[in-house]
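J.: Generate coordinates for the sequence data below:
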Amino acid sequence: QLVESGGGVVQAGDSLKLTCADSGRAFSNYAMGWFRQAPGKERELVAAIDLSGATAYYANSVKGRFTVSRGNAKNTVYLQMNSLTVEDTAVYYCAARLGSYYYTRDYEYAFWGQGTQVTVSS
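T.: Numbering: from 1, shown residues only. Predicted coordinates:
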């Protein structure tokens with residue numbers, strides 16, 4: 001089971017770091033993704049990282065502001081979010097996909113966390 005943490009209420013321009021952890025499964029065989037869903041909008045992939053941690057994907061809307069990384073212990077994945085804007089307000093989910101490479105479609109990911117709310121006020 002994946003568990004996200006680190007969400008909260010911040011002001012525009014602030015930073016947050018989300019953590020995704022799974023005590024029961026090492027991520028060493030999984031590519032990982034961070035998705036978000038805002039009210040009334042479809043769920044979208046904001047960042048993903050391959051199994052090795054060498055290659056990452058970022059949505060255009062977060063490129064240059066968000067950074068995805070894998071922990072050394074292989075059972076944690078992070079999403080560092082800087083220069084947050086009100087448009088970043090959403091529930092953020094981490095997801096795991098068995099295999100080396102990430103995909104951009106949510107149906108490619110078999111395991112999901114429960115989500116953590118990020119609210120950015122102006």
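J.: Please count neighbours and contacts with C-alpha atoms only from this point.
T.: Fine.
J.: Would you quantify the distance from the residue nearest in space to the middle of the chain to residue 76?
T.: By Cα atoms, centre = their mean, the mean C-alpha position of the chain lies nearest to residue 34, the distance being 2.4 Å. Distance of residue 34 to residue 76, computed by Cα to Cα, to the nearest Å: 12 Å.
J.: Residue 99 too?
T.: 16 Å.
J.: the more surrounded of these two?
T.: residue 76 (21 against 13; other Cα atoms under 10 Å).
J.: Below-threshold pLDDT in the protein: ranges please.
T.: 23, 25-26, 73-74 (pLDDT under 70).
J.: May I see the buried residues of the helix or strand encompassing residue 31?
T.: Using DSSP states H and E, residue 31 sits within strand 30-37. The neighbour-count check on strand 30-37 (16 or more other Cα atoms under 10 Å) flags 30-37 as buried.
J.: and if you look at stretch 112-122?
T.: Those would be 112-113, 115-121, for stretch 112-122 by 16+ other Cα under 10 Å.
J.: between those, which is closest to residue 82?
T.: residue 120 (11.5 Å; Cα to Cα).
J.: Wasn't that closest one part of a helix?
T.: No: counting by DSSP: H, G, I helix; E, B strand; the rest coil, residue 120 is located in no helix; its state is strand.
J.: Tell me how far the residue nearest to residue 70 when sequence neighbours are not counted lies from residue 18.
T.: Counting by Cα to Cα, 6 or more residues apart in numbering, residue 77 is the residue found nearest to residue 70 once chain neighbours are left out, at 4.5 Å. Remark: distance between residue 77 and residue 18 (Cα to Cα) = 8 Å.
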